[in-house]
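Trainee: sharing a model prediction with you, sequence too.
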Amino acid sequence: MMIDSKTQIENGLKCGICRNQIGINVRIYQEGLNFGVVCPTCHENNSKEDIELMANMFLAFGGYFGILKKKRLSLVKTLETLINEVPIDNEFPTVGDINVKLLHRVFLHGIIPQQYIAGLEELLET
Ligand SMILES: [Zn+2]
């Protein structure tokens, strides 16, 4: 059976960030020599740099934006968990390692970077 490319795009194209069906309202971003597709919502809610960051994190660590959206996220508890994780290679994680893992978890919970920064600011004020 032959499917024309328009039908294929309308039925099967998913956002590279949140995995929602895109339909015909696709937005394209470029990451180095690669192109990715995102839905209008992800395109409007995130900067180009944030989209690239999220795409790279999901590629490296798995998951997608909002996969854990229904679960509540506590930044403090997540940070405690990450700090207390037993290192696989007996090396303590660096602050950069913990930051990347925390940011990945934030994205899995469907929190956009601006909301994450606001959450950190709120946390520092308490
Ligand atoms: Zn999306």
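Mentor: In hand now; what should we look at?
Trainee: show me the domain layout of this protein.
Mentor: Domains of the chain are assigned by automatic domain parsing as 1-62, 66-126.
Trainee: mean pLDDT for the ones you listed: which is lowest?
Mentor: Note on the domains of the chain: domain 1-62 shows the lowest mean pLDDT, a mean of 80.
Trainee: report how many residues lie close to the residue lying closest to residue 83 once chain neighbours are set aside.
Mentor: Residue nearest to residue 83 in three dimensions, not counting chain neighbours: residue 98, with 6.5 Å by C-beta to C-beta, 6 or more residues apart in numbering. For glycine as for every other residue, the C-beta is placed from the backbone atoms N, C-alpha and C. Under the neighbour criterion other C-beta atoms under 10 Å, residue 98 is assigned a count of 16.
Trainee: with distance to the ion added, can I get the domains of the chain in TSV?
Mentor: Formatted as TSV, these follow (distance: least, C-beta to the ion, whole Å):
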stretch	distance to the ion
domain 1-62	3
domain 66-126	8
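Trainee: residue contacts, the residue nearest to residue 83?
Mentor: Applying C-beta atoms under 8 Å, 6 or more residues apart in numbering, we find residue 98 in contact with 79, 82, 83.
Trainee: now with 10 Å, please.
Mentor: Under the criterion of C-beta atoms under 10 Å, 6 or more residues apart in numbering, the neighbours of residue 98 are 78, 79, 82, 83, 85, 92.
Trainee: of those residues, select the buried ones using a ChimeraX command.
Mentor: In ChimeraX, a selection of the buried entries from the contacts of residue 98 looks like this (16 or more other C-beta atoms under 10 Å):
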select :78,79,82
